[in-house]
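Asker: Sequence plus predicted model, see below.
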Amino acid sequence: MPFCNQCGKPVTPADVYCAGCGGRQPSATPPTPAKDYLSGISPRTASLLCYIPILGWLAAIVVLASTRFRANRRVRFDAFQGLYLFVAWLIVDWVIDFPGMNGTHAVTLLLKAVVFGAWIFMIIKVSQDQEFKLPILGDLAEKSVSEQR
C-alpha cells in the first residue's frame, strides 16, 4: 500500500490527493491524451458533412471547433458557408413563413426550395472536389475565414 508523500498516511493507488493532508500524490499512470475523433475524417468528408440539409450546422460547428481543421482554409470556408445556408433556411422558415402573413405560402415554398437546392448543389460540388462560392453567403464565409487567421 502506498503512502502519502506529504504526511505519510496510507493512500490507495487511485487517490490523486491525500485524504489526511490534501497533498497531491504522484500518479503511477500518466494521463492519457484526449482522443481526436476527427482523425479518420478526410477534409472532403468534413466539408460534405457541413452541407447536409437541416443538420449540417452541427458538423460545421464541430469542424470549426476542431484543431485538426484549424489551418485548412477550404474546410473552414465550407463550414462557414454551410452555417450561413442554415441561417438562410431559418430566416425563410421563421421570418418569411410567419403565421398571419397571407399570400406568402408560395413564396416561402419557393425560397425553401432554393435553399435546399443550394445544399444539394454544394454537396455535388464538394464531392467533385470543386470550390464554389455561393452569392452573398460565399462572400460572408470568405470574410469569416479571413478574420480567423
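Answerer: Structure's in. What do you need?

Asker: Check the spacing between residue 26 and residue 81 real quick.
Answerer: Distance of residue 26 to residue 81, given as CB to CB, to the nearest Å: 49 Å. Every C-beta, even on glycine, is put in place using the N, C-alpha and C of the backbone.

Asker: which of these two has more neighbours?
Answerer: The residue with more neighbours, out of residue 26 and residue 81, is residue 81; 28 against 7, by other CB atoms under 10 Å.

Asker: list the contacts for the nearest residue to residue 97 once chain neighbours are set aside?
Answerer: Counting by CB to CB, 6 or more residues apart in numbering, the nearest residue to residue 97 once its immediate chain neighbours are dropped is residue 108, at 4.3 Å. The contact partners of residue 108, by CB atoms under 8 Å, 6 or more residues apart in numbering, come to 92-93, 96-97.

Asker: Look at residue 108 and give its secondary structure.
Answerer: State at residue 108, reduced to three classes by DSSP: H, G, I helix; E, B strand; the rest coil: helix.

Asker: Could you check the pLDDT of it?
Answerer: At residue 108, the pLDDT value in this model is 86.

Asker: gap between it and residue 88?
Answerer: 13 Å.

Asker: do residue 137 as well
Answerer: On the measure of CB to CB, residue 137 and residue 88 end up 7 Å apart.

Asker: where along the chain do the helices fall?
Answerer: 43-49, 56-65, 73-90, 105-127, 137-148 (DSSP state H).

Asker: between these, which gets nearest to residue 15?
Answerer: helix 56-65 (33.8 Å; CB to CB).

Asker: Report all helices and strands that that closest one contacts.
Answerer: With contacts taken as 3 or more CB pairs under 8 Å, 6 or more residues apart in numbering; DSSP states H and E, helix 56-65 sits against helix 43-49, helix 73-90.

Asker: For the shortest one, which helices and strands make contact with it?
Answerer: What it means is helix 43-49. Secondary-structure packing of helix 43-49 (3+ CB pairs under 8 Å, 6+ apart): helix 56-65, helix 73-90, helix 105-127.
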